[in-house]
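[1] Got a sequence here, can you model it:
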Amino acid sequence: MVTVIERPIQLFGNRNRTAILLAIRLLEETYASELAAMLQLRVYTVQAALASFEREGVIAGRLLGRTRRVSLDPRYVAAKELSALLWKLGQQDVPLQAALASRRRRPRRSGKPGL
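    Numbering: from 1, shown residues only. Here you go, the predicted structure:
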C-alpha cells in the first residue's frame, strides 16, 4: 500500500529546501531559475539553498554555457542513500510531481511559431 504525503515534508530544514532537493533528484539535473519557476519560489531563495547544499557537498554544479546546472553529487559520502531517500519521498509527493511534469524539458523545434 502506497501512502500519499498530505502535508509538505520539512526533512531538510524547511519545506523549500526539501522541495528543492526532491526536485533535483527527480529531474536529475536542473538549474536555479527552472527550480524557482516549478516550485513557485524566488530565484534568490533557490540560489541560496543551492549554495548551501553545494558547500555541504550534497550537490555539484557545472557551467553549461551561461547556465549553472546542478545535480546530486555522486561523490557525497551518503550519495546512494540520499538519492534513494529523495526518490522515495518524491514518489509520494503528488503536488511536486505535477509541478515537475508541467514544465517543458526540451527546446522547441526551430522555426515553430510561438505560443
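[2] What is the three-state secondary structure of the residue nearest to Asp73 when sequence neighbours are not counted?
    Counting by C-beta to C-beta, 6 or more residues apart in numbering, Ala60 is the residue found nearest to Asp73 once chain neighbours are left out, at 3.9 Å. C-betas here are computed from N, CA, C, even on glycine. Remark: Ala60 carries the secondary structure label strand [criterion: DSSP: H, G, I helix; E, B strand; the rest coil].
[3] Count the residues that sit near Ala60.
    Residues within reach of Ala60, counting by other C-beta atoms under 10 Å, total 16.
[4] Kindly report the same for Gln91.
    15.
[5] Distance check, it against Leu100.
    From Gln91 across to Leu100, the span is 12 Å (C-beta to C-beta, to the nearest Å).
[6] for Leu50, same thing?
    Leu50 sits 17 Å away from Leu100, going by C-beta to C-beta.
[7] How about Ala60?
    Using C-beta to C-beta, we find Ala60 at a distance of 20 Å from Leu100.
[8] ditto for Leu41
    Applying C-beta to C-beta to Leu41 and Leu100 gives a distance of 14 Å.
[9] show me where pLDDT drops low in this structure?
    Within the chain, the set of residues satisfying pLDDT under 70 comprises 1-10, 104-115.
[10] switch to 80 and redo it
    Counting by pLDDT under 80, the chain contains low-confidence ranges at 1-12, 102-115.
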